[in-house]
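Asks: dropping a prediction and its sequence here:
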Amino acid sequence: MKIKNMFSRGSAAAALLLSLTACSSNTEQASDNCAQAAGTWIVQEVVDDTQCGGQIKTEKYRYTVSQDHCRISIAENGAVGQMIGSEIHWPAYSFFNNGGTVEMSESTTKLQNGKLTGLTSWDWSNSDMECSGTISRTGYIAADNPLLSPAEGTFEHIFSVNAPNAKQVYLAGEMTDWQPNVLKMKKGSDGVWFLPVYLEQGAWQYKFVIDGEWTYDKTNPVTTDDGFEGYNSIIVLGEENPDAKVNAAIPHGTVEKINIQSTALGTNSPFMVYLPPGYSQNSEQNYPVLFLLHGYGNNEGQWTRDGKIHNFMDNFLNQGWIQPFIVVMPFGDTSMYVGDYETHIINEVRAYVNEHYRVKTGKASTAISGTSMGGFGAFYLAYRHQDVFGLSVPLSGFFDMSYYPELGRDGKISMDSELHFYCGTDDSTSFASNEALIKRLQENDVNFTYQTAAGGHTWRYWNGISKDFLKVVSDYFNKSAI
C-alpha cells in the first residue's frame, strides 16, 4: 500500500494530539529559549514509503510556528509539541489511510542555530499486511520578512481592503509565492485592513485571504484570470520589464486564434498562433515551431495575457537576440496534457499547423515548453513522442509521477530529445518535484540542463527567464539547421 502525505499540510490535522503538559520549565530562561522556535519554518520533508510499494517523495513546505512558553504549535496542520532544551518533542498519533491504520511514532525536531532536523518512523497495517517507513526533515527558521522593511531598489506600496467583520486577513500573491499565511495585515479603526510592503519594480499579482477565503482586490480594475474561475489583481511599481511591453517603433508579429473541431475531444477546441514579423510578406520562408503550454485550469490565451510572449518575441527578434520561429499555444484545461488532450495536440493541432502554416517539419525544427502543468506536459509529451519534439524546456513543471507509470522507481528512462529544465528555488509548488525528477534522470544517465535561481511559482519568475529560455529554443533551432 502507498502511504501519501504523511505529514503534509492538513492531511493529519484531525489525528494529531492537540494538547500537552504546559511548560517543561517555568523559568524565564526556558521561555526565552523556547521563543527561538517561533517564526516561519522552511522545511524539506522526504517520505520513504518504498516498503509499502510507494516511492521516495520530497516536498518543500512553509510552516507558521508559534510558541506559548514551551508549547510549540504549527498553524497549518494543528501539530503541538513541547520544547525541552534544544529539542521539540512531538507525540505519537494514528490515523486511517489507504484501507489501513498508520501509527506515527513519537519524534523530535532538533533546533540548533536556526536549523531544523528531525526523523519520524511510521507503521502501516491492515488485516492482511503491514509495512513501515520514515519521514526525514531538514530546514531552517526564516528571518523576519524582508518585504516589510525598506531596502534599496524597492518601492513602498500599502495594500488595503475593507473587511470590518473579518477576524484575520493576509496578503498573498507573487510576493509570497502564493502562500496564504505569510503577510498578515493590520486592522484599522475604520475596519480597513492594511499592510505597507516593499517590493522591487515591475508587475505583481496578488489577492487577499479574508478569514480563509481568497478574493481579488475589488478596488483595483487591473486583473487577470487566476485559472480557477476567478481573478488575480495586478499592480505595477516603477517600470515594467520593457521587453514585456509593446514597442511601437519596431516591427510586430501577429497573433491568431484558431478553432478546430476535435474528434479526440468531441468539441471545438481553440489554440493561439504567434507569427513573427514578416511572415505574411515572405511567402517563401518556412519556420521552426515552438509548442507552448499553459498552466492548470487556464487556457490558450495565458501566454499572451500573462506571459506577454508576443511582446517578448517581437522585442527579442528586433534586438537580434533570437531568430524567428512560430509559437503555437494549445488549450489544455486541467488535463495535464494526457489522454484525449495528448491525442488532440499531437494528432490534430499539429496536423492543422503543418497544413495551414509554413513550418519546418521534423524534430530538429519542433520544440515544446510550458509552465507548471504545461511544464509537466512539455516533458510528458516530449518523452512519449521523441520522434516529434527535439527539445523540451519545462518551466517550473509540476511533475506528478503518477502520470508516468513507465517511469516507475525501477523503470529505465531513455530520452533522445534535448532537455532544459528551469525552476525557482522558492517555488513551493514545483521545486521538490523538479529535484526528484532530476535525480531520476541522473540515475538513468539522461543528459539534461537544469537551471535554478531565486523565484517562486509566479509569472514574475517566468517573465524573468523568458529572455533565457527563448534563446535556448532559438539556439536549438539554429544548431539543428546547420
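Replies: Nice, thanks for sending it over. Residues are numbered from 1 along each chain as shown.
Asks: which stretches of the protein aren't confidently modelled?
Replies: Where the chain drops to pLDDT under 70, the residues are 1-32, 143-144, 408-411, 480, 482.
Asks: can you pull the buried residues of the top helix by length along it?
Replies: Across the chain, the longest stretch assigned as helix under DSSP state H is helix 466-481. Neighbour counts over helix 466-481 (16 or more other C-beta atoms under 10 Å) mark Ser466, Lys467, Phe469, Leu470, Val472, Val473, Ser474, Tyr476, Phe477, Ser480 as buried. C-betas here are computed from N, CA, C, even on glycine.
Asks: likewise for stretch 91-109?
Replies: Buried residues in stretch 91-109, counted by 16+ other C-beta under 10 Å: Pro91, Tyr93, Asn97, Gly100, Val102, Glu103, Met104, Ser107, Thr108, Thr109.
Asks: would you check that the third one makes contact with Trp124?
Replies: Yes - with contact defined as C-beta atoms under 8 Å, Asn97 counts as touching Trp124 (6.9 Å).
Asks: in the stretch 351-482 of the chain, which spans are strands?
Replies: Under the criterion DSSP state E, counting those that start in this stretch, the stretch 351-482 of the chain carries strands at the ranges 366-371, 391-395, 418-424, 449-453.
Asks: what's the most buried one of these?
Replies: Counting by mean count of other C-beta atoms under 10 Å, strand 366-371 has the highest mean neighbour count of the strands of the stretch 351-482 of the chain, with a mean of 30.
Asks: output the contacting helices and strands for that strand.
Replies: Packing partners of strand 366-371 (3 or more C-beta pairs under 8 Å, 6 or more residues apart in numbering; DSSP states H and E): strand 289-293, helix 373-384, strand 391-395, helix 466-481.
Asks: which ones are touching Asp400?
Replies: Taking C-beta atoms under 8 Å, 6 or more residues apart in numbering, we find Asp400 in contact with Met336, Phe376, Ser433.
Asks: and which of these is nearest to Ile74?
Replies: Taking C-beta to C-beta as the measure, Ile74 sits nearest to Ser433 out of these, at 22.7 Å.
Asks: what sits against the closest one?
Replies: Thr58, Gly397, Phe398, Phe399, Asp400, Met401.
Asks: for Ile74, see how far away the residue nearest to Thr108 when sequence neighbours are not counted is.
Replies: Closest residue to Thr108 apart from its sequence neighbours, by C-beta to C-beta, 6 or more residues apart in numbering: Glu87 at 4.6 Å. Glu87 sits 16 Å away from Ile74, taking C-beta to C-beta, to the nearest Å as the criterion.
Asks: more neighbours: these two, which one.
Replies: Neighbour count, other C-beta atoms under 10 Å: between Glu87 and Ile74, Ile74 has more, with 22 against 16.
Asks: what sits against the more buried one?
Replies: Contacts here follow C-beta under 8 Å, 6+ apart; on that basis Ile74 touches Trp41, Tyr63, Thr64, Val65, Val80.
Asks: one more time with 7 Å, if that's ok
Replies: Tyr63, Val65 (C-beta atoms under 7 Å, 6 or more residues apart in numbering).
Asks: same deal with Gln51?
Replies: Gln51 makes contact with Cys131, Ser132, Gly133, according to C-beta under 7 Å, 6+ apart.
Asks: and of these, the nearest to Val46?
Replies: Nearest to Val46 among the contacts of Gln51, with distances taken as C-beta to C-beta, is Gly133, at 10.4 Å.
Asks: quick one: that closest one from Val192, how far?
Replies: Counting by C-beta to C-beta, the gap from Gly133 to Val192 is 49 Å.
Asks: ditto for Ile345
Replies: Separation of Ile345 from Val192 (C-beta to C-beta): 47 Å.
Asks: more crowded one of those two?
Replies: Neighbours per residue, other C-beta under 10 Å: of Ile345 and Val192, the larger number sits with Ile345, 27 against 15.
Asks: and Phe312, what helix or strand is that in?
Replies: Element membership for Phe312, per DSSP states H and E: helix 309-319.
Asks: is it true that Ala172 lies in a strand?
Replies: Yes - assessed with DSSP: H, G, I helix; E, B strand; the rest coil, Ala172 lies in a strand.
Asks: related to what we said a few turns ago, for the helix holding Phe312, list the C-alpha coordinates in CSV.
Replies: This file holds the C-alpha atoms of helix 309-319, laid out as CSV (Å, rounded to 0.1, in the frame of the first residue of the first chain):
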residue,chain,number,x,y,z
ILE,A,309,5.0,36.1,-25.3
HIS,A,310,4.2,38.1,-28.4
ASN,A,311,5.9,41.2,-26.9
PHE,A,312,8.9,39.2,-25.8
MET,A,313,9.2,37.7,-29.3
ASP,A,314,8.9,41.0,-31.1
ASN,A,315,11.4,42.7,-28.9
PHE,A,316,14.0,39.9,-28.9
LEU,A,317,13.7,39.4,-32.6
ASN,A,318,14.3,43.2,-33.1
GLN,A,319,17.3,43.0,-30.9
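Asks: how far does the helix or strand just after that helix sit from its chain's centre?
Replies: Sequence-wise, the next helix or strand downstream of helix 309-319 (DSSP H and E) is strand 326-330. Distance of strand 326-330 from its chain centroid, counting by C-alpha atoms, centre = their mean, to the nearest Å, is 22 Å.
Asks: about what we covered before: tabulate the contacts of Gln51 (JSON lines), appending neighbour count, distance to Asp48 and secondary structure.
Replies: JSON lines is the format used below for these (neighbours: other C-beta atoms under 10 Å; distance: C-beta to C-beta, whole Å; DSSP: H, G, I helix; E, B strand; the rest coil):
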{"residue": "Cys131", "neighbour count": "17", "distance to Asp48": "11", "secondary structure": "strand"}
{"residue": "Ser132", "neighbour count": "17", "distance to Asp48": "10", "secondary structure": "strand"}
{"residue": "Gly133", "neighbour count": "20", "distance to Asp48": "5", "secondary structure": "strand"}
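Asks: tell me the one of those nearest Lys167?
Replies: Using C-beta to C-beta, Gly133 comes nearest to Lys167 of the contacts of Gln51, at 38.7 Å.
Asks: Thr109 pairs with what?
Replies: Ile88, Gly118 (DSSP bridges).
Asks: so who does it touch?
Replies: Contacts for Thr109 (C-beta under 7 Å, 6+ apart) come out as Glu87, Ile88, Leu116, Gly118, Arg137.
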